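Enquirer: Task: produce atomic coordinates for the following.
(one chain, ligands or ions: 1)
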Amino acid sequence: MTILVVGATGMTGRLVVEQLLEKGHEVRVIVRSPDKYSAEILKNPSLAVVEAAILDLSDEALADLVADCHAVVSCLGHVMDFRGVFGKPRRLCTDAAQRLCSAIEKNNPREPTKFILMNTVGVKNPQCDEPRTWIERGLLFLLRYTLPPHKDNETAAEHLHENIGKNSHHIEWCSVRPDSLIDAEISPYEIEKSPVTGILSGRPTSRANVASFMVELIENVNVWSDWKFQMPVIMNAEE
Ligand SMILES: NC(=O)c1ccc[n+]([C@@H]2O[C@H](COP(=O)([O-])OP(=O)(O)OC[C@H]3O[C@@H](n4cnc5c(N)ncnc54)[C@H](OP(=O)(O)O)[C@@H]3O)[C@@H](O)[C@H]2O)c1
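Expert: Predicted coordinates:
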């Protein structure tokens, strides 16, 4: 299969790239700094690297990059420094999701392309009644109006729910919501429709598990049929 990954130099995105290459897929990436990859990965003939900031690419270039892709994975996230959080682009994840989805639609693919968005457990699934305590609601309200990256994660997920929906002939989507990210090896993990703990007492989720679940979504038709058009929460299994 051919898969485009964006946010592919990030701590999760690079694991998605590595796992896809290990499984023999053709992987395209759009990255600002290819030098973040090892020489060994860059030599892999199944990896095609486009050096650019995704939002600087033209609509035509994006349409070329998503052409013939079985799946598009976005692991974009704001760099956690003052400029990354408060500077432009404030709608990195949302604008990238919108433009990649438009690029897919423009190509009129015969089979729907899978669009997999890395999101967060802090974003509510509008399809489910996900109860939140008063403290959580207050905290999320504050985050929404003070931290642009949180709002960006919300509007990126909204785009998939409201603008793409479930009836597109060209796109099927899944918005993966990790709990608190940690760096650890692949291990047993759980997938739930909604958060099982409060967002303030979240369970750790290893980035390798997030990557592994995204690869399962791409490769396994049953896993895809279970989770498409949903916002699964992923967390490491309790020991
Ligand atoms: N931290 C947590 O506990 C947590 C929990 C749940 C969900 N999340 C969400 O998970 C997502 C990914 O997390 P992560 O830790 O894997 O991300 P990360 O390591 O920070 O990687 C972010 C990626 O986005 C790219 N990027 C940042 N700004 C960009 C820009 N202006 N233009 C183009 N590319 C840009 C980075 O490229 P460069 O390498 O070039 O900078 C990098 O590839 C985020 O949306 C985050 O909100 C985080």
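Enquirer: I'm curious whether the helix or strand bottoming out on mean pLDDT in the chain, anywhere along its length, sits up against the ligand.
Expert: Ranked by mean pLDDT, DSSP states H and E, the weakest helix or strand in the chain is helix 134-146, scoring a mean of 85. No: on the criterion Cβ under 6 Å from any ligand atom, helix 134-146 is out of touch with the ligand, staying 11.0 Å away. Any C-beta I mention is one placed from the backbone N, CA and C, and that applies to glycine too.
Enquirer: Could you tell me the average pLDDT over the helix or strand just after that helix, please?
Expert: Sequence-wise, the next helix or strand downstream of helix 134-146 (DSSP states H and E) is helix 148-158. For helix 148-158, mean pLDDT rounds to 95.
Enquirer: Any idea how many residues pack against residue 79?
Expert: 12 (other Cβ atoms under 10 Å).
Enquirer: do the same with residue 129
Expert: 8.
Enquirer: what does residue 40 give?
Expert: Neighbours of residue 40 (other Cβ under 10 Å): 7.
Enquirer: Is the helix or strand harbouring it positioned near the ligand?
Expert: Secondary-structure element containing residue 40, defined by DSSP H and E: helix 39-42. No: on the criterion Cβ under 6 Å from any ligand atom, helix 39-42 is out of touch with the ligand, staying 13.9 Å away.
Enquirer: before we move on, back to that, by contact count, what packs against the least confident helix or strand of the chain?
Expert: Applying 3 or more Cβ pairs under 8 Å, 6 or more residues apart in numbering; DSSP states H and E, we find helix 134-146 packed against helix 148-158.
Enquirer: and the longest strand for the chain?
Expert: Longest strand in the chain, counting residues (DSSP state E): strand 171-178.
Enquirer: ok, and what's touching the helix ranked longest in the chain?
Expert: Ranked by residue count and defined by DSSP state H, the top helix of the chain is helix 92-107. The contact list for helix 92-107 (Cβ atoms under 8 Å, 6 or more residues apart in numbering) reads 4, 6, 54-55, 59, 62-63, 65-67, 69, 72, 74, 76-78, 89, 113, 115, 117, 149, 152-153, 155-156, 159-160, 163-164, 168, 170-171.
Enquirer: how about it: buried residues?
Expert: 92-101, 103-105, 107 (16 or more other Cβ atoms under 10 Å).
Enquirer: Specify the angle between it and helix 148-158 in degrees.
Expert: 30 degrees (axes from the mean of the first three to the mean of the last three Cα atoms, to 10 degrees).
Enquirer: and helix 92-107, how far from the chain's centre?
Expert: 13 Å (Cα atoms, centre = their mean, to the nearest Å).
Enquirer: what does this structure put close to the ligand?
Expert: Contact residues, the chain versus the ligand (Cβ under 6 Å from any ligand atom): 7-13, 32-33, 36, 53-54, 75-79, 89, 92-93, 118, 120, 149, 153, 178, 180-181.
Enquirer: In strands, which of these appear?
Expert: 118, 178, 180-181.
Enquirer: Which single residue of this protein ends up nearest the ligand?
Expert: Closest to the ligand within the chain is residue 10: 2.1 Å, counting by Cβ to the nearest ligand atom.
Enquirer: Just give the nearest non-adjacent residue to that residue, would you?
Expert: Residue nearest to residue 10 in three dimensions, not counting chain neighbours: residue 75, with 5.2 Å by Cβ to Cβ, 6 or more residues apart in numbering.
Enquirer: Please identify the buried residues of the least confident helix or strand of the chain?
Expert: Buried residues in helix 134-146 (16+ other Cβ under 10 Å): 140, 143.
Enquirer: number of nearby residues for residue 8?
Expert: For residue 8, using other Cβ under 10 Å, the count is 30.
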